[in-house]
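Engineer: The following comprises the amino acid sequence and a computationally predicted model.
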Amino acid sequence: PPLSQYAITKMNFSLLSKAMKTKNLPPSISVRLLFGLLFIFAFSVGAFAQRNYFPTAEVWEKRTPEQAKMDAAKLKEAIEFAVRSEAKAPRNLELAHYQTFGREPFGEAVGAFKERGDATGIIIRNGYVVAEWGDVNRVDMTFSVTKSFLSTVVGLAFDRKLIKSLQEPARNYSAPVQIYNSSEKSDNAEAFGKPRLLELFETEHNRKITWEHLLRQTSDWEGTLWGKPDWADRPDRDANSWFNRKRNEPGAVYEYNDVRVNVLALAALNVWRRPLPQVLKEYVMDEIGASATWRWFGYENSFVVIDGQIIQSVSGGGHWGGGMFISARDMARFGLLTARGGRWNEKQILSAEFIRQAKTPTTVQPTYGFMNWFLNTDKKYYPSAPASAFVHVGNGANIIYVDPENDLVIVARWIENNKIDEFIQKINASLIK
């Protein structure tokens, strides 16, 4: 690693300087050795600084492809390929919803949508901006990339001991939730005897669910949240199974399910007792110099009352609208944070332990870590990428691709999902070894 190389070179420089003094070498040889050592030392310092550059909030330095050791012509070809591979779904994302997820049972939109922009992207190498296309400052929906921000606020709670262990049942941290409904009347006789508080983990099955099960999407949580039953997200083709489906032991089966993702968001809100966007802003986005333009939304019916305050429980994606609305530049900053192991400059924003767990393959789904860290285990997710690469993925497609081996962070927005691996292949072909 660069830091070790730097430290070792500095140590060797000191030792060899002492050796020259004790060995009484001829002045001409001593001078040549000294200049040689100074050159090696300066090179090591330069390499260390280059690979550990972090942008400020005001300035993100750029490098030419040549400076970043990339072939300019091949890089241009890769970017042109990404632009040509723009997603074919409607730019009106509300219309796109009703052509896809909106056709599911209870699939009505309950959150905000926004018409998207052009195919957009940014390429970062060694921390520096090498190339951009589209409008990288435009704020757009990012769909399930939101899940990576959600797992981040859970990680922040873990790092601060608000959650002692991610392997502990989430029920141990779950208080009854009062849903805010301004039109509801307590003196309504028809509501007499009906539960007025929401308890997420009180069924026999749900009591066994840990934070890790929720983070890995292996919980098989049962219930209804914000008007969406768990079975209604990507429902089984056999409608007879909707109401009497088999319950899988938590941890036994991976199932991508946005109802359960929203359960994690509400459970995390219960721990923090303050809006999750505020937590993310204070502890992450401000620290990494993100802009003031990103917003994290929930649903029109996802407001709760905690400590006397009305708070919106945010969603973990844009499945029914809402989720993270953010620019490509701010996505790239978050990608650089995860590429650098949760560190920004000299500050550890997310602990190395949380990052380690997030990048550990899920036993029953080896290409998935914590949401939404998709892993390239055995090069199965992206065959053209190194096995060490990982990617934060959302519908659209929206991706934050991280390749620690080549010190690359790539944001690509509104690219056809089946074109991403070929795009990565072209980027890799531009790298000068």
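Structural biologist: Right, received. Where do you want to start? Numbering: from 1, shown residues only.

Engineer: Tell me if I am right that Arg237 is in a strand.
Structural biologist: No - applying DSSP: H, G, I helix; E, B strand; the rest coil, one finds Arg237 to be coil, outside a strand.

Engineer: Show me which residues of stretch 104-114 are buried.
Structural biologist: Phe106, Gly107, Ala109, Val110, Gly111, Ala112, Phe113, Lys114 (16 or more other C-beta atoms under 10 Å). Every C-beta, even on glycine, is put in place using the N, C-alpha and C of the backbone.

Engineer: Compute the distance between Phe106 and Asp220, please.
Structural biologist: Per C-beta to C-beta, to the nearest Å, Phe106 is found 19 Å from Asp220.

Engineer: let me redo that: Ala78
Structural biologist: Ala78 is 40 Å from Asp220, by C-beta to C-beta.

Engineer: Asn244: neighbouring residues, count only.
Structural biologist: Asn244 has 7 neighbours, counted by other C-beta atoms under 10 Å.

Engineer: How about the one 10 residues further on?
Structural biologist: Counted with other C-beta under 10 Å, the neighbours of Tyr254 add up to 18.

Engineer: One more: Ala328?
Structural biologist: Ala328 is flanked by 25 other residues according to other C-beta under 10 Å.

Engineer: three-state assignment of the residue nearest to it when sequence neighbours are not counted?
Structural biologist: Spatial nearest neighbour of Ala328, excluding adjacent residues (C-beta to C-beta, 6 or more residues apart in numbering): Val136 at 4.2 Å. Secondary structure state of Val136, per three-state DSSP, is coil.

Engineer: count of residues packed around Val136?
Structural biologist: 18.

Engineer: for it, what are its contacts?
Structural biologist: Going by C-beta atoms under 8 Å, 6 or more residues apart in numbering, Val136 touches Thr120, Gly121, Ile122, Ser327, Ala328, Arg329, Ala332, Val411.

Engineer: quick one: contacts for the residue lying closest to Gly342 once chain neighbours are set aside?
Structural biologist: Nearest residue to Gly342, sequence neighbours excluded (C-beta to C-beta, 6+ apart): Leu350, at 3.3 Å. Residues in contact with Leu350 (C-beta under 8 Å, 6+ apart) are Thr152, Gly155, Leu156, Asp159, Val284, Leu337, Thr338, Gly342.

Engineer: and if you look at Gly251?
Structural biologist: If you count contacts by C-beta under 8 Å, 6+ apart, Gly251 has them with Thr210, Glu212, His213, Arg216, Thr218, Thr363, Val364.

Engineer: ok, now Ser165?
Structural biologist: Trp211.

Engineer: what does the one 3 residues further on give?
Structural biologist: By C-beta under 8 Å, 6+ apart, Glu168 lies in contact with Thr210, Trp211.

Engineer: Quick check: the gap between it and Glu190.
Structural biologist: 39 Å.

Engineer: Okay, strands next: where are they in the stretch 151-300 of the chain?
Structural biologist: For the stretch 151-300 of the chain, the strands defined by DSSP state E, counting those that start in this stretch occupy 177-179, 197-198, 224-225, 228-229, 295-306.

Engineer: Go through the ones you listed and name the closest to Arg91.
Structural biologist: Nearest to Arg91, of all the strands of the stretch 151-300 of the chain, is strand 295-306, at 19.3 Å by C-beta to C-beta.

Engineer: now the next helix-or-strand element following that closest one against strand 295-306, angle please.
Structural biologist: Sequence order places strand 309-314 as the next helix or strand after strand 295-306, per DSSP states H and E. With axes from the mean of the first three to the mean of the last three C-alpha atoms, to 10 degrees defining the directions, strand 309-314 sits at 140 degrees from strand 295-306.
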